[in-house]
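A.B. asks: With the sequence up front, the predicted model follows.
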Amino acid sequence: NAGVTQTPKFQVLKTGQSMTLQCAQDMNHNSMYWYRQDPGMGLRLIYYSASEGTTDKGEVPNGYNVSRLNKREFSLRLESAAPSQTSVYFCASGVGTQYFGPGTRLLVL
Amino acid sequence: DQQVKQNSPSLSVQEGRISILNCDYTNSMFDYFLWYKKYPAEGPTFLISISSIKDKNEDGRFTVFLNKSAKHLSLHIVPSQPGDSAVYFCAASSSNYQLIWGAGTKLIIKP
């Protein structure tokens, strides 16, 4: 039982490049989330998916897209990375109490 | 406009003593509150929660207190241990989906 897994763990991009962050959970949760965490700030919700086939914007969705591929997997895509997207990205799943993956550290140069 | 505030960026406590972490909120619609613990280079880990119908919830060394009239919650850790050194986040929810997070308090347990 791995819980929530994320890949990659670390990534360096140049401005304008694209990438997809992958997330999978094996807890049979309907709801999944993508957050970003910046220094001195709490986690901010980018997008969430209440169930397979649905996605909704969170607090900071600009510059991101998501895909709920199936019940287990929820991916986050940066189409054209910007330095302001340098952050640590966390995926989570669950309702009420959320369970988190280990994070992806993204540096955009 | 921060709906959930943790006003102390850091807190230093002697090993064996009580650690008290505080959190204030502004939205009276919040009905579920959680505390998470985070170590460097790891994801947040759920610690303890409380529903707005309660004013206290206890789990081993961890107790969360909720004062709805003051819109304030606190996490007590007794006794504090070196492994408790981490960043603690409080979060609040008024629905099943979106958690609103505080900025975190870094707890340092001194030997």
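C.D. replies: Perfect, thanks for sending it.
A.B. asks: Can you get me the centre-to-centre distance for stretch A:77-92 and its chain?
C.D. replies: 8 Å (CA atoms, centre = their mean, to the nearest Å).
A.B. asks: can you tell me the distance between the two ends of it?
C.D. replies: End-to-end span of stretch A:77-92 (CA to CA, to the nearest Å): 16 Å.
A.B. asks: If you count neighbours, what's buried in it?
C.D. replies: Of all the residues in stretch A:77-92, those buried under the rule 16 or more other CB atoms under 10 Å in any protein chain shown are A:78, A:81, A:85, A:86, A:87, A:88, A:89, A:90, A:91, A:92. From N, CA and C alone the C-beta is placed, and that goes for glycine too.
A.B. asks: What about chain B: which of these touch it?
C.D. replies: Filtering those for proximity to chain B by CB under 8 Å from any CB of the partner chain leaves A:90, A:92.
A.B. asks: contact partners of stretch B:35-54?
C.D. replies: A:4, A:43, A:90, A:92, A:96-103, B:21, B:30-34, B:56-57, B:59, B:62-64, B:66, B:68, B:73, B:75, B:84, B:86-91, B:104 (CB atoms under 8 Å, 6 or more residues apart in numbering or on different chains).
A.B. asks: can you tell if the strand or helix carrying residue A:66 touches chain B?
C.D. replies: Element membership of residue A:66, judged by DSSP states H and E, is strand A:64-68. No - using CB under 8 Å from any CB, strand A:64-68 stays clear of chain B, coming no nearer than 13.6 Å.
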